[in-house]
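>>> What follows is a protein structure lacking sequence information:
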Ligand SMILES: [Zn+2]
């Protein structure tokens with residue numbers, strides 16, 4: 001069910017996607033998106049959205065222009081612009097659990113059932129400090145990261161910003177993949 005690594009699985013094209021309502025070319029819009037993104041250059045690092053952030057911790061971005069413009073979540077919009085297809089009725093899951101991350105490679109297309117199963121699994125075995133467990137909630141965390149990265153990637157500032165919300169106080173830092 002993953003959309004990473006290139007193409008969109010054919011069955012999802014049939015069952016989970018609709019055509020993008022916004023026409024091409026999209027280069028101008030991609031440029032407008034990218035100036036609001038700060039990339040963590042470490043392996044597997046997130047692409048942090050530093051534009052508007054909603055109270056749900058997800059970014060906000062105006063897609064399109066004129067009468068067709070609409071406010072969307074930028075990670076969804078980047079997925080749409082990358083694949084030319086829009087997820088319909090299926091969530092885009094963040095493998096990194098950073099709601100404000102817009103790295104297309106960190107997104108998987110899931111069903112609601114998968115979403116719930118993933119949440120339950122994490123509830124039992126979560127070992128990593130992300131927006132799922134941040135004491136400030138996803139929006140507070142996302143805004144703190146945005147403030148830390150206001151002048152571009154700054155690893156000490158980033159680490160300090162996320163440490164404030166760490167419910168484990170730095171005691172549990174294993175990556176998700178080894179958490180069991
Ligand atoms: Zn990410």
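In hand now; what should we look at? Everything quoted here is computed from the prediction, not taken from an experiment.

>>> from here on, contacts and neighbour counts on C-alpha atoms
Noted.

>>> Spatially central residue for this structure, please.
residue 101 (3.3 Å; Cα atoms, centre = their mean).

>>> And the strands in the chain?
17-19, 37-39, 47-49, 61-63, 70-72, 85-87, 92-94, 107-109 (DSSP state E).

>>> Let me know which of these is tucked in deepest.
Of all the strands of the chain, strand 47-49 has the most neighbours on average by mean count of other Cα atoms under 10 Å, namely a mean of 25.

>>> next one: it to chain centre, how far?
Centre-to-centre, strand 47-49 and its host chain are 8 Å apart (Cα atoms, centre = their mean, to the nearest Å).

>>> which secondary structure elements does it contact?
strand 37-39, helix 137-148 (3 or more Cα pairs under 8 Å, 6 or more residues apart in numbering; DSSP states H and E).

>>> how about it, does it reach the ion?
No: Strand 47-49 stays clear of the ion (Cα under 5 Å from the ion), getting no nearer than 5.9 Å.

>>> For the protein, which residues are neighbours of the ion?
46, 96, 101.

>>> Name the nearest of those residues relative to the ion.
The closest of the residues of the chain next to the ion to the ion turns out to be residue 46 (Cα to the ion; 3.6 Å).

>>> Report the contact partners of that closest one.
39, 40, 96, 98, 101, 102, 103, 106 (Cα atoms under 8 Å, 6 or more residues apart in numbering).

>>> And residue 77, by the same measure?
residue 63.

>>> how close does residue 149 get to the ion?
Distance, residue 149 to the ion, using Cα to the ion, to the nearest Å: 15 Å.

>>> what do you get for residue 139?
From residue 139 over to the ion (counting by Cα to the ion), the distance is 15 Å.

>>> Any regions of this protein where pLDDT drops low?
1-25, 112-128, 172-180 (pLDDT under 70).

>>> related to what we said a few turns ago, thought the residue nearest to the centre of the chain was touching residue 75?
Yes: with contacts counted by Cα atoms under 8 Å, residue 101 reaches residue 75, the gap being 6.9 Å.

>>> Who does the residue nearest to the centre of the chain form a beta bridge with?
Taking DSSP bridges as the rule, residue 101 bridges to residue 48.

>>> residues contacting it?
So residue 101 contacts 46, 47, 48, 49, 75, 94 (Cα under 8 Å, 6+ apart).

>>> Quick check: the gap between residue 96 and residue 147.
20 Å (Cα to Cα, to the nearest Å).

>>> where do the helices sit along the protein?
Listed in chain order, the helices found in the chain under DSSP state H are 10-15, 27-34, 74-83, 112-125, 137-148, 155-163.

>>> So which bits of the third one are buried?
Going back to what we said before, that points to helix 74-83. Of the residues in helix 74-83, 74, 75, 76, 77, 78, 79, 80, 81, 83 count as buried by neighbour count, 16 or more other Cα atoms under 10 Å.
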